[in-house]
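Q: here are the coordinates; sequence isn't available:
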């Protein structure tokens, strides 16, 4: 403790370097935390893999029954789609509304509000770091699926290069919208129904259930006005090699636009949420 | 902004609380018509705390202590009234303000349970933008003062309550705040740990000249740390002054402890002097009203072969208990 003649602390101005340092430390914290729970994470990985493996088996079987192809996808391409799906899923995993509920109930949010940094900044660093162990846990599963289902993917070099960027953007889009959803907890604790509705919409309009080309035309039309496809379908299609350079450019623009829109929505709702929180306490 | 302590003027917080009777009918009715009632958690309180002062904020559960601390730290908007902390308006939650305060709630944890406290400290360093050398110096000194040793390298979930609380205190003070709001920081921890935490607060206040507002149900905390106390009950301030003055203000009784020489097996009727609270051999403790104490003392000295006589105030816990037993109407 340094000596001071008054209780007032000289003010610290935060710089970009401080901000980056904070992201790095938060990311490191996530890595330390996740590496502790090896078994739990492996079990979670198995749980995450069950969903796409079911889709993969069903659609591969249907494709073979239809003469080897359905909607432009062969059985091997379906395998490619759903194996990339598992990697994309690892990357777009982020905090859920239950996490928000826990934060409010346990008083964690109150503590976070007393810090001179917006809680979303720490979350962002944390969930980016979270991707490192998740990718490590995914690798053996991904290799196993690859060997079992022998997928066919044909990306060009520029599509391979673009994939990590669209993957990170997919995470940002989903991160923003899950945060918005989480903010509903400031008004009600019973958000399970809303959460389920969100996931139902995501399942239908994101390409999570099935590639969007195989969905009815009306579903594809609606999906164009929603953020979901940019979090699943688009990055998968990029690595599958099914996206033209122009579509890639438009896709990245759409992802950026949804991130900007989602972040603006967070800031808008956040102001109201904080007003409510500070009115009723937590 | 000029550095100042804490200023509170006519501060009020009213909560809207849903009200519903028990039973199915009430549940159905509440679907269509919701009833709320206003609860005045804090009711027009006024006080000032000078920089560097440690003040005990006392009151029973539900008195309004935590609500006040939350308003002072910017976690709650006041319904009315004025307040300023270090010259800032807390509800604005400006970064400069947040860098200079801390709120420790004994029943709430801020550290990440799954990782060692050291890793959480590092995150706090990054959040507050504390220069690395300054951080290491402050951290190591506080760890030493709290005698935490290698405990900060164990995941927080593996620490005992007392160890965790000590680790929480270090984390809460790493950014060296000038104002500390401590809400029952020693709750549930054993006496040794309580003493350690008290010493730590005292040391921090001494070195940093920090302003401390402390709530605690343990009078040992208050007696060790606070010269001044503010007593709040039913949202109103009942007393604001020296701890020693609290007894004069709220205790109408004194305890006289009389020791007599042997009276050849005779036992005098002591009940005529006051209420006998303890009697053993030639030593008797009597409870008498504060006003009558001088006369009773004189009578005892005249009537009995007194070898020793002391006049004592009742224990502070007992005084506080009496204060807390005051009904709401009497605090208006």
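A: Received it, and whenever you're ready, just let me know what you need. In this text the structure is predicted, and so the values were computed from the model without any measurement. Residues are numbered from 1 along each chain as shown, chains lettered A, B, ... in the order given.
Q: For residue B:309, grab phi and psi.
A: phi -150, psi 130 (degrees, to the nearest 10).
Q: leaving aside the residues next to it on the chain, what's closest to it?
A: Excluding the flanking residues, the one nearest residue B:309 by Cβ to Cβ, 6 or more residues apart in numbering or on different chains is residue B:258, at 5.3 Å. Quick note: C-beta positions are derived from backbone N, CA and C, even for glycine.
Q: partners of the helix or strand hosting that neighbour, with directions?
A: Assessed by DSSP states H and E, residue B:258 sits inside strand B:253-260. If you go by DSSP bridges, strand B:253-260 pairs up with strand B:283-289 (antiparallel), strand B:306-312 (antiparallel).
Q: so which of those is the most packed in?
A: Each of the strands paired with strand B:253-260 was scored by mean neighbour count; the highest is strand B:283-289, a mean of 17, by mean count of other Cβ atoms under 10 Å in any protein chain shown.
Q: got the contact list for that strand?
A: Outside strand B:283-289, the residues that touch it by Cβ atoms under 8 Å, 6 or more residues apart in numbering or on different chains are B:252-260, B:270, B:273-279, B:296.
Q: Spell out for me the PyMOL command that would select the buried members of those residues.
A: The buried subset of the contacts of strand B:283-289, as determined by 16 or more other Cβ atoms under 10 Å in any protein chain shown, is captured in PyMOL by this line:
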select buried, chain B and resi 253+254+255+256+258+260+270+273+274+296
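Q: Residue B:108 and residue A:67, how far apart?
A: 63 Å (Cβ to Cβ, to the nearest Å).
Q: oh, I was asking about residue A:40
A: Taken as Cβ to Cβ, the span from residue A:40 to residue A:67 is 44 Å.
Q: more neighbours, residue B:108 and residue A:67?
A: Between residue B:108 and residue A:67, residue B:108 has the larger neighbour count (other Cβ atoms under 10 Å in any protein chain shown), namely 14 against 7.
Q: got the phi/psi numbers for the residue of chain B found nearest chain A?
A: Residue of chain B nearest chain A, by Cβ to the nearest Cβ: residue B:178 (3.2 Å). Per-residue torsions, residue B:178: phi -90, psi -20 (degrees, to the nearest 10).
Q: Tell me which other helices or strands the longest helix seen in chain B touches.
A: Selection of the longest helix in chain B by residue count, based on DSSP state H, yields helix B:191-208. Helix B:191-208 sits against strand B:54-58, helix B:132-145, helix B:161-173, strand B:179-183, strand B:211-215, helix B:219-225, with contacts defined as 3 or more Cβ pairs under 8 Å, 6 or more residues apart in numbering or on different chains; DSSP states H and E.
Q: Tell me which of these lies nearest to residue A:27.
A: helix B:132-145 (17.8 Å; Cβ to Cβ).
Q: quick one: buried residues of the closest one?
A: In helix B:132-145, counting by 16+ other Cβ under 10 Å, buried: B:135, B:138, B:139, B:142, B:143, B:145.
Q: quick one, phi/psi of residue B:160?
A: Main-chain dihedrals, residue B:160, degrees, to the nearest 10: phi -70, psi 170.
Q: which ones are touching it?
A: Per Cβ under 8 Å, 6+ apart, neighbours of residue B:160: none.
Q: Pull the number of nearby residues for residue 236.
A: Chain wasn't specified; assuming chain A. 30.
Q: my question was about chain B
A: Neighbours of residue B:236 using other Cβ under 10 Å come to 18.
Q: Just the helices from the stretch 51-200 of chain A, written as ranges.
A: A:75-92, A:97-105, A:108-113, A:119-149, A:157-183, A:192-205 (DSSP state H, counting those that start in this stretch).
Q: Pick the most deeply packed of these.
A: Taking mean count of other Cβ under 10 Å, helix A:75-92 is the most buried of the helices of the stretch 51-200 of chain A, at a mean of 23.
Q: distance between it and the chain's centre?
A: Computed by Cα atoms, centre = their mean, to the nearest Å, the chain-centroid distance of helix A:75-92 equals 14 Å.
Q: Just checking: what are the partner strands of the helix or strand harbouring residue B:239?
A: Following DSSP H and E, the helix or strand that holds residue B:239 is strand B:236-242. Using DSSP bridges, strand B:236-242 pairs in its sheet with strand B:228-233 (antiparallel).
Q: Need the contact partners of the partner strand.
A: The contact list for strand B:228-233 (Cβ under 8 Å, 6+ apart) reads B:42, B:45, B:47, B:53-60, B:63-65, B:68, B:222, B:237-243, B:246, B:320, B:323-324, B:326, B:331.
Q: Quick check: residue A:155 touching residue A:239?
A: Yes: Residue A:155 is within contact range of residue A:239, at 5.5 Å (criterion: Cβ atoms under 8 Å).
Q: which residues do the two both contact?
A: Common neighbours of residue A:155 and residue A:239, counting by Cβ under 8 Å, 6+ apart, are residue A:163.
Q: Between the two, point out the one with more neighbours.
A: Applying other Cβ under 10 Å to residue A:155 and residue A:239 shows that residue A:239 carries more neighbours, namely 24 against 19.
Q: Helix, strand or coil: sort out the more buried one for me.
A: With DSSP: H, G, I helix; E, B strand; the rest coil as the basis, residue A:239 sits in helix.
Q: Identify the nearest residue to residue A:201 in space, disregarding sequence-adjacent positions?
A: residue A:228 (6.7 Å).
Q: Just confirm the one you found contacts residue A:200, I think it does.
A: No: contact criterion Cβ under 8 Å: residue A:228 and residue A:200 do not qualify, at 10.9 Å.
Q: pLDDT-wise, which helix or strand of chain A ranks last?
A: The helix or strand of chain A with the poorest confidence is helix A:97-105; it has a mean of 80 (mean pLDDT, DSSP states H and E).
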